[in-house]
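Trainee: Here is my input; please provide its structure:
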Amino acid sequence: MFTRFVSALAFTALAITAGPAAERPAGKITTVFDRPLPHVPGKSLRSVLVEYGPGAGSPAHTHAKSAFIYATVLEGSVRSSVNGSPEKVYNAGENWVEEPGAFHGVSANASDTQPARILAVFVVDTDDTELTRFIKK
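Mentor: The predicted model follows:
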C-alpha cells in the first residue's frame, strides 16, 4: 500500500510541473506522515508539506473524494480559493478546511519574493492512492 501511495504522490508532483499552470514555477510536495487510523477502520491520516518558491503555485485541482483536509500556512502567505469562494490570502498561522470533493481553484504563493509553506492534513479512505487530481484546461 505504501508503495502505491508513494507512486501516486510522485505522479502528483510531476503533474504539478506539467499542468496548465506551467507558466509559473511549480510547488514541491513532500509526504511527512501516512498512517491508518487504528480506531477508524478504512481511514488514514496523511500529511503533506507543500513548498512554494516565490511566485510558485499549483494548477486548479480536486482531492480524493473521501478527503477531508485541514491546511495551515507554516511560512509566508498563500492565495487560496475553494469551491469558487473569493480568493483569500492566508498568512503564517492561518488555516482553512476543504470538504470531501471540494474544488481548489487557486493555491499559490502570494509573494513574488518570499517562499511559502503549507502543511495539509488529510483524513482519507486508506484505499485512496491518488490524493490530488489536476484539472486540465
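Trainee: how far away is the residue sitting nearest the centre point of the chain from residue 102?
Mentor: Taking CA atoms, centre = their mean, the centroid of the chain lies closest to residue 120, which sits 6.0 Å from it. Note on residue 120: its distance to residue 102, by CB to CB, to the nearest Å, is 12 Å. C-beta coordinates here come from the backbone N, C-alpha and C atoms, glycine included.
Trainee: what is in contact with those two at once?
Mentor: Residues touching both residue 120 and residue 102 (CB atoms under 8 Å, 6 or more residues apart in numbering) are residue 69.
Trainee: For the residue nearest to the centre of the chain, which three-state class applies?
Mentor: Classification of residue 120 using DSSP: H, G, I helix; E, B strand; the rest coil returns strand.
Trainee: What number of residues are in the vicinity of the closest residue to it other than its chain neighbours?
Mentor: In space, residue 120 comes closest to residue 71 once its chain neighbours are excluded; the distance is 4.5 Å by CB to CB, 6 or more residues apart in numbering. Neighbourhood size, residue 71 [other CB atoms under 10 Å]: 23.
Trainee: repeat for residue 127
Mentor: Residue 127 sits with 11 neighbouring residues when counted by other CB under 10 Å.
Trainee: ranges for the helices of the protein?
Mentor: Assigned by DSSP state H, the helices in the chain fall at 2-18.
Trainee: Neighbours of the residue nearest to residue 43 when sequence neighbours are not counted, how many?
Mentor: Nearest residue to residue 43, sequence neighbours excluded (CB to CB, 6+ apart): residue 37, at 4.8 Å. Residues lying near residue 37 (other CB under 10 Å) number 13.
Trainee: likewise the one 5 residues further on?
Mentor: Using other CB under 10 Å, residue 42 has 11 other residues around it.
Trainee: quick one: low-confidence parts of the protein?
Mentor: Confidence mapping of the chain against pLDDT under 70 gives the ranges 1-24, 137.
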